[in-house]
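Colleague: here is my input; please provide its structure:
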Amino acid sequence: MNKYKQSFKKNSAMMILIVTVILIGLLLINYISKKNNLNQSIGGSFLLTDHQGNSFNSKKINLKKLIYFGYTFCPDICPMDMLKISQIFDQNPNLKKKILPIFITVDPSRDNQKILKNFMENFNDAFVGLTGDKNEISTVIKSYKIYVNYNKKNDNDKTYLVDHSSLIFLIDENDQFLALIRPNELSVDKIEKYLKEII
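Modeller: Have a look, this model is predicted:
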């Protein structure tokens, strides 16, 4: 009887272990599947206006693209993140042969082509600054799942701040999502190393 009980306990323990492993495996597969689906839903092509006043079609750029969303009236975070990206291209001139750095405004009401051009002069000349009308910018923001909130006191407020996601997107030559980088969490050297590993 004792042998039977011991055998039963061993078999039960083994079954529990097998079921647990299977459940963990299914959960892992489900997680990976959801993550891949989310990644596939981020990104896409866009048609905007660059800081020189020219039409910009991302489909016609046969390079990977490093995209940062921000606004020129940002008092701190945007300029700091842009300087990080700019330093990477300053230190690695050959990167521009493989990657096009892009700044897309989330504040088209104020960031017209002239203001954007002045802003872009502060950074590496490989950078392309992009703006557009409200609908065009809204479409791109939605495609890249960017959070944006305009803190306007009233309709006449011209000095409002904008809350927005501070993220760098790397997309491939076909405008498909490759990677997401949080510039506030990484140094210039770490971002640079990460980019070199990907490309």
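
Colleague: before we move on, what SS does the residue nearest the centre of the chain have?
Modeller: Note on the chain: the residue nearest the mean C-alpha position is residue 169, at 2.8 Å, using C-alpha atoms, centre = their mean. Using DSSP: H, G, I helix; E, B strand; the rest coil, the structure places residue 169 in strand.

Colleague: wait, it sits on residue 85?
Modeller: No. Counting by C-beta atoms under 8 Å, residue 169 sits too far from residue 85 to count as a contact (11.6 Å). Glycine gets a C-beta too; all of them are placed from N, C-alpha and C.

Colleague: between the two, what contacts are shared?
Modeller: 66, 68 (C-beta atoms under 8 Å, 6 or more residues apart in numbering).

Colleague: and stretch 112-130, how far from the chain's centre?
Modeller: 19 Å (C-alpha atoms, centre = their mean, to the nearest Å).

Colleague: also stretch 145-158?
Modeller: 21 Å.

Colleague: how about that stretch: buried residues?
Modeller: 146, 148 (16 or more other C-beta atoms under 10 Å).

Colleague: cool, stretch 59-73 as well?
Modeller: Of the residues in stretch 59-73, 64-73 count as buried by neighbour count, 16+ other C-beta under 10 Å.

Colleague: which residue is the nearest non-sequential neighbour of the residue nearest to the centre of the chain?
Modeller: residue 67 (4.4 Å; C-beta to C-beta, 6 or more residues apart in numbering).
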